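Novice: Return atomic coordinates for the entry below.
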Amino acid sequence: MVKTGQLRRSLVKVQEDDFDVSQCLQELREGIPQIGAVAAFVGTVRDLNEGSSIHTMTLEHYPGMTEKSLENIVAVANGRFEILSAMIIHRVGPLKPEDQIVLAACTSPHRQQAFLACEFIMDYLKTEAPFWKKEQTPDGGRWVSARDSDDSAKARWES
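Specialist: Residues are numbered from 1 along each chain as shown. Purely as a prediction, here's the structure:
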């Protein structure tokens, strides 16, 4: 039986290049035959936000600090859920609608813990990781503000 704190593989990457979800999940699972479930979330760039069409979105971050923040989020998830491996890949730089932004994935012997850990990671990533988004719209550039719904999603894990 897997217990919390039994993470066998943790992969965190911040990169400009796109990622292949299938290849990433294979890397996450490789050599861990106890895995019975993989839960993954892929976030993409929308073409519309707050009533305006989005031409491009640029993501900025603090190199080193961002990776450390993501590694900490995985470590906290490892302490709360029975997961065997976890991965976060987050893109930075200019992106256009339909581009992939983020992959969060977790594995476990059973689906519930994988689903919960993946959702936890995304909720914390949206509020704790030092990323900044700037959208280019027909009216010019604008920085994307934090959403109250992201704070509410994170808060439910703190009770």
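Novice: For this structure, which residues score under the pLDDT cut-off?
Specialist: Scanning the chain for pLDDT under 70 picks out 1, 159.
Novice: The residue positioned nearest the centre of it and residue 67, how far apart?
Specialist: Central residue of the chain (C-alpha atoms, centre = their mean): residue 104, 4.0 Å from the mean position. Distance, residue 104 to residue 67, by C-beta to C-beta, to the nearest Å: 15 Å. Glycine gets a C-beta too; all of them are placed from N, C-alpha and C.
Novice: So which residues of the protein form strands?
Specialist: Using DSSP state E, the strands of the chain run over 9-15, 37-44, 48-49, 52-53, 56-61, 85-91, 93-95, 100-108, 131-137, 140-143.
Novice: so which of those gets nearest residue 26?
Specialist: Among the strands of the chain, the nearest to residue 26 by C-beta to C-beta is strand 37-44 (9.9 Å).
Novice: Could you list the residues in contact with the closest one?
Specialist: Here strand 37-44 makes contact (C-beta atoms under 8 Å, 6 or more residues apart in numbering) with 21, 25, 28-29, 98-111, 113-115, 117-119, 122.
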